[in-house]
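> predicted model, plus sequence, below.
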Amino acid sequence: MPTSREIRQAFLDHFAQRGHAIVPSAPMVVKDDPTLMFTNAGMNQFKDLFLGNRPVVHPRIADSQKCLRVSGKHNDLEEVGIDTYHHTMFEMLGNWSFGDYFKKEAIQWAWELLVDTYKIDPADIHVTYFGGDATDKLEADTETRDLWLKYLPRERVLPFGKKDNFWEMGETGPCGPCTEIHVDVRSAEERKVAPGKDLVNNDHPQVIEIWNNVFMQYERKADGSLHALPAKHVDTGMGFERLCMVLQGKRSNYDTDVFQPLIQALAKLCGLNYGERPTDTPGRARDLGSGEKADIAMRVVADHLRAIAFAIADGQLPGNTGAGYVIRRILRRAVRYGYSFLGLQEPFMHALVPVLVGQMGEQFPELAKQQELITSVMLEEERSFLRTLELGTKRLEQLVAEGKGTLDGATAFELFDTFGFPIDLTRLMAREQGVDVDMKGFGKELKKQKDRSRAATAITTGDWTEIAQGTTEFVGYDELSTEARILRYRKVKDKAGDRWQVVLDRTAFYPEGGGQVGDQGWLVQGGVKVPVLDTRRENQLIVHFTAELPPDVSAPLTAQVDEHRRKLVRRNHTATHLLHHALRNVLGSHVEQKGSLVAPDRLRFDLSHFAKITAEELARVEAEVMDLIRADVPLQELRDTPVKEALAMGAMALFGEKYGDRVRVVKFGASVELCGGTHVARTGEIGSLRIVSEGALAAGIRRIEAITSEAAERYVEERLHTLDTLNSLMKHPADITVAVKQLLDQHAVLTKELEKAAQERVARLQETILKKAKKMNGARLVAEEVDLDANGMRDLAFRLKDANPDLLLVMGARQGDKALLGVMVGAALLAKGISAPEVIKALATEIKGGGGGQAFYATAGGRDPDGLPKALKKAASLLS
């Protein structure tokens, strides 16, 4: 039985022997395509080749691409673990032809690999082809059908419609008919029940698609029309995990050696056996359900661990927005399954990272390189979420106890959205207490959230209007203004409104990338200056964003970068390199850049370091950067260097970045990095650098923020002004620091005296205030104006609460031009249905305010102190 490593290598060798360049996987986290957060198909890294935005270097390519599908069009998350063949992170084996071979060779080589190399029985293979579509006026792909009929009988060459056999990149873009290869791995007995051809494309777990060959020959326009591409391409993707299932004779992807080491390590951690069906496990805090649920949980954890580890290795840390939120959501889903069905109530996923690295670190060396970071980030995320789960459990138990037989959908959604509680866990815990969950209401709230999310990210993009053929020449390293012509433009619409995207044949505008913000400036034509609001890279195109088009889109124009803004940005970018170098010198060579922002007004630098950076260390880092600035070190730039040669020079390759065969090297003395950004000619231009903050971003990741140049000058000027003001206020003492410390000490002493006096007032009131109580309807009412602040009112209420169950205490106080009310309800009155929030709500209107609180104690603030007497008098009516 071949191992997964052997299966992967056999694929790459097969296509290498047929003239394909074998390229490494692109990062799973996408950085220069606004339509994608993550690589979700093997073709993503070649999208610009299909679009014609980048010249073809290798007309034949093959690789194993790591992919993630959890959001958007390709969303497999909820199926993961439930069935045997869906995954979040998966490998896609692929071979590509860019204007080279087409259907004949693709089908022939696929057959040779599957049958001759992998020894799959031809009798197990079914294939599909595009059967045509009347709406798009497309005939059936009889060419593909006839090619397959050379290898297979007609009953196993099946036509399907557009849904299954016409592949599209998105709503617009390259597309074409495809042929899918399915393998029937059922037993002989099962095959007698139903022929395999009847189960193709029917989601049968053992009659499964393993390979899709797409023949790119059209481009879909925004109006829905199809146009023939100038060159025909082949784009194939074979699911590695599914292929391993077939070749290793398994019935589930999770039974292969891709997943079993992780599953067995997890089973050992939780004391269960994968595949068994125990009904109960002694010592568990909660019935974990059937053994099947435990198996599902183990599959979920094994799958999600891979997704999280690869995302972190590629530079995406868990967060609260965007791609970071997706990764956090996947991690929390795995922890929830372990918590709910495996009895794992302490962090556990981080302990499985070494197993994953042992399995996949050879093919994907970034895993081994980032193992320590992956482990520490995962551990901290697990700890944080387990604390949240504990709080959520208490909240759910409280809500169930307060409920009346049904937990409403909005509350169930609050638990899901705020505490990360899966709805199945909420239902399980509610059922234990005999409470139902309003699933219809939950579904409505979930739909509202999804609708809000879609609305926030919705973007409508028109077709490109082609003015001329060609590619963009970037001249921004040497020029800030250049003559240019528009190659293409299109209109886009999003929540910001209507904008235009413009591509030029020549530009000095730097597109956002490598942490550096995009340039701003103007497109100048005649006397008209069209502001360029932003510049971004989209699939190798440099795209200029404008609110309007130049008067004549076919005429020459001047592309002029905002020079002052560019100077500020380049100073910050060079300062970022110097900061990186100084941090490695001061803290150690383990420091690596994990993210950055280079803007005109500031720079931000995220680095790997497992302890807080001390004030002394920050001072040393800042001093070293300042030494390099004062030394006025010149820029040494190598623009077209082989990547291996650059790395041999000691150039730092940055976290999560994908580099081509040739790179740009930026060198300032001993600081050497691979970088495409803009920089100063000499470090002296930076002027100065000031570190303004340092803190934790995630486990093992620190964030430094700093300013340079004009911002640093303003920073110093502001602080000097503050110091002068303090000196003046303090009557120019000999040592301002000593004088301020003395003032703070005096303040502390006076504060303690005030607190003591307030406590004495509370104690006196405790002894006297009950003498003013009025008996009303079996209760006692005290409604008095008191000389207390909010803390004093609360203190008095708590002192009186336990010994006076029949007491309604209403206190009013004047706080300058504001009014304050405090209400305490004794236990006996609570039992009668009187609550402090209801009382405070009735009284707060008299002081033109509002408030709330707990059942026995509530407060309110208002803007009308003169209303206090009315409020206190009104309290009596609440007991009458």
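Done, it's in. Numbers count the residues shown, from 1 in each chain.

> so which strand or helix has A828?
helix 827-831 (DSSP states H and E).

> may I see the buried residues of the helix or strand just after that helix?
Downstream of helix 827-831, the first helix or strand assigned by DSSP H and E is helix 836-844. By neighbour count on 16 or more other Cβ atoms under 10 Å, the buried set for helix 836-844 is 836-841, 843-844. Where you see a C-beta, it was placed from the backbone N, CA and C, and this is true even at glycine.

> I'd guessed E155 sits against K197; true?
Yes: contact status for E155 versus K197: in contact at 5.9 Å, counting by Cβ atoms under 8 Å.

> returning to that earlier point: nearest to N585, of the buried residues of helix 836-844?
For the buried residues of helix 836-844, the residue nearest N585 by Cβ to Cβ is P837; the value is 59.4 Å.

> my guess is that closest one contacts T859, does it?
No: between P837 and T859 there is no contact under Cβ under 8 Å: 9.9 Å.

> where does the protein have low pLDDT?
32-35, 71-76, 78, 277-290, 402-404, 420, 454-459, 655-657 (pLDDT under 70).

> before we move on, back to that, any chance of the buried residues of helix 836-844 in CSV with distance to I467 as columns?
Formatted as CSV, the buried residues of helix 836-844 follow (distance: Cβ to Cβ, whole Å):
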residue, distance to I467
A836, 71
P837, 67
E838, 70
V839, 73
I840, 68
K841, 66
L843, 71
A844, 66
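
> closest one of the residues you listed to G850?
For these, the nearest to G850 is A844 (5.0 Å; Cβ to Cβ).

> what about K450, distance to D494?
Between K450 and D494 the computed distance is 18 Å (Cβ to Cβ, to the nearest Å).

> actually R69, not the one I wrote
24 Å.

> so what sits against both of P837 and T859?
Taking Cβ atoms under 8 Å, 6 or more residues apart in numbering as the contact rule, P837 and T859 both touch 852-853.

> residues contacting the residue nearest to E617 when sequence neighbours are not counted?
Nearest non-adjacent residue to E617, counting by Cβ to Cβ, 6 or more residues apart in numbering: V586, 5.6 Å away. Contacts for V586 (Cβ under 8 Å, 6+ apart) come out as 617, 620-621, 624.

> now A783
810, 812, 872-873, 875-876 are the contacts of A783 under Cβ under 8 Å, 6+ apart.

> shouldn't it be within a strand?
Yes: assigned with DSSP: H, G, I helix; E, B strand; the rest coil, A783 falls within a strand.

> and it, how close does it get to K870?
Distance from A783 to K870, by Cβ to Cβ: 11 Å.

> which of the contacts of V586 tops the neighbour count?
Using other Cβ atoms under 10 Å as the neighbour test, these are led by V621, with 25 neighbours.

> check contacts around it.
By Cβ under 8 Å, 6+ apart, the contact set of V621 is 579, 582-583, 586-587, 613, 691.

> just those residues: which are in strands?
I691 (DSSP state E).

> which one of the contacts of V621 sits in the busiest neighbourhood?
L579 (27 neighbours).

> let me see the contact set for that one.
Neighbouring residues of L579 by Cβ under 8 Å, 6+ apart: 603, 605, 621, 625, 689, 704, 706.

> in the stretch 251-400 of the chain, which spans are helices?
For the stretch 251-400 of the chain, the helices defined by DSSP state H, counting those that start in this stretch cover 260-270, 291-313, 322-341, 353-360, 365-369, 371-402.

> and of those helices, who's closest to D141?
Of the helices of the stretch 251-400 of the chain, nearest to D141 by Cβ to Cβ is helix 291-313, at 34.3 Å.

> check which helices and strands the closest one sits against.
Packing contacts for helix 291-313, counted by 3 or more Cβ pairs under 8 Å, 6 or more residues apart in numbering; DSSP states H and E, involve strand 60-68, strand 89-98, helix 260-270, helix 322-341, helix 353-360, helix 365-369, helix 371-402.

> circling back to that earlier point, which one's more surrounded, R69 and D494?
Neighbours per residue (other Cβ under 10 Å) separate R69 from D494, with R69 holding more: 22 against 14.

> next up, phi/psi of the more buried one, please.
phi -130, psi 110 (degrees, to the nearest 10).

> ok, now how distant is it from M28?
Taken as Cβ to Cβ, the span from R69 to M28 is 11 Å.

> what do the two both touch?
F38.

> so which residues of the stretch 701-850 of the chain form helices?
709-729, 736-768, 790-801, 827-831, 836-844.

> how near is the residue of the chain positioned farthest from its centre to A858?
What lies farthest from the middle of the chain is K771; by Cα atoms, centre = their mean that is 61.7 Å. Distance from K771 to A858, counting by Cβ to Cβ: 24 Å.

> then R537?
Between R537 and A858 the computed distance is 56 Å (Cβ to Cβ).

> and those two? Which one has more around it.
Between R537 and A858, counting by other Cβ under 10 Å, A858 is the more crowded of the two (24 against 20).

> partner residues bridging the more buried one?
Using DSSP bridges, the bridge partners assigned to A858 are V823, G853.

> that one contacts L843, correct?
No: assessed by Cβ under 8 Å, A858 is found out of contact with L843, at 9.7 Å.

> who touches both of the two?
In contact with both A858 and L843: V823, using Cβ under 8 Å, 6+ apart.

> could I get the contacting residues of G409?
With Cβ under 8 Å, 6+ apart, G409 has these contacts: 437-445.

> at 6 Å instead, please
Counting by Cβ atoms under 6 Å, 6 or more residues apart in numbering, G409 touches 438, 441-442, 445.

> got the buried residues for stretch 111-125?
111, 113-114, 118, 120, 124-125.

> which one of these sits closest to T558?
Nearest to T558 among those, with distances taken as Cβ to Cβ, is L113, at 54.2 Å.

> residues contacting that closest one?
So L113 contacts H14 (Cβ under 6 Å, 6+ apart).
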